[in-house]
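Engineer: Have a look at this prediction, sequence included:
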Amino acid sequence: MKTTIELPDDLVARAKRAALERKTTLRALVDCGLRRELGLPDEEQNHPLEGLATMDSQIWRGVEADAYVAEQRSGWG
């Protein structure tokens, strides 16, 4: 489900940095935090960028996975 919430800018910035340091996404970090706060079990989740380098799709031909990921993460700042 997609939803929109308002959070303080400093909290979002810290969460984005934490997600980057943990090599995960903001979404996964929020999901994990909500589950922990509500006493729900963590779900096994694949990293959203996992397998990017091995995708056999015309879209990814000629694209270096590490460079792509770094470019995407540069906007998290």
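Structural biologist: Looks like it arrived, so ask away. Numbering: from 1, shown residues only.
Engineer: give the contact list for residue 32.
Structural biologist: Contact analysis of residue 32 by C-beta atoms under 8 Å, 6 or more residues apart in numbering lists residue 42. Just so you know, the C-beta spots here come from the backbone N, C-alpha and C atoms, and that holds for glycine as well.
Engineer: Now do the buried residues in the helix or strand hosting it.
Structural biologist: Take DSSP states H and E as the rule and residue 32 turns out to sit in helix 26-38. By neighbour count with 16 or more other C-beta atoms under 10 Å, helix 26-38 contains the buried residues 28-29, 31.
Engineer: Now do the next helix or strand after it: which elements does it pack against?
Structural biologist: As assigned by DSSP H and E, the chain's next helix or strand after helix 26-38 is helix 65-74. Using 3 or more C-beta pairs under 8 Å, 6 or more residues apart in numbering; DSSP states H and E as the contact test, no helix or strand touches helix 65-74.
Engineer: May I have helix 65-74 as PDB, with CA atoms only?
Structural biologist: What follows is helix 65-74, C-alpha atoms only, in PDB (Å, rounded to 0.1, in the frame of the first residue of the first chain):
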ATOM      1  CA  ALA A  65      25.200  -1.600 -11.700                       C
ATOM      2  CA  ASP A  66      27.500   0.000  -9.100                       C
ATOM      3  CA  ALA A  67      27.500   3.300 -11.000                       C
ATOM      4  CA  TYR A  68      23.700   3.200 -11.300                       C
ATOM      5  CA  VAL A  69      23.200   2.500  -7.600                       C
ATOM      6  CA  ALA A  70      25.600   5.200  -6.600                       C
ATOM      7  CA  GLU A  71      23.800   7.700  -8.900                       C
ATOM      8  CA  GLN A  72      20.400   6.700  -7.400                       C
ATOM      9  CA  ARG A  73      21.700   7.100  -3.900                       C
ATOM     10  CA  SER A  74      23.300  10.500  -4.500                       C
END
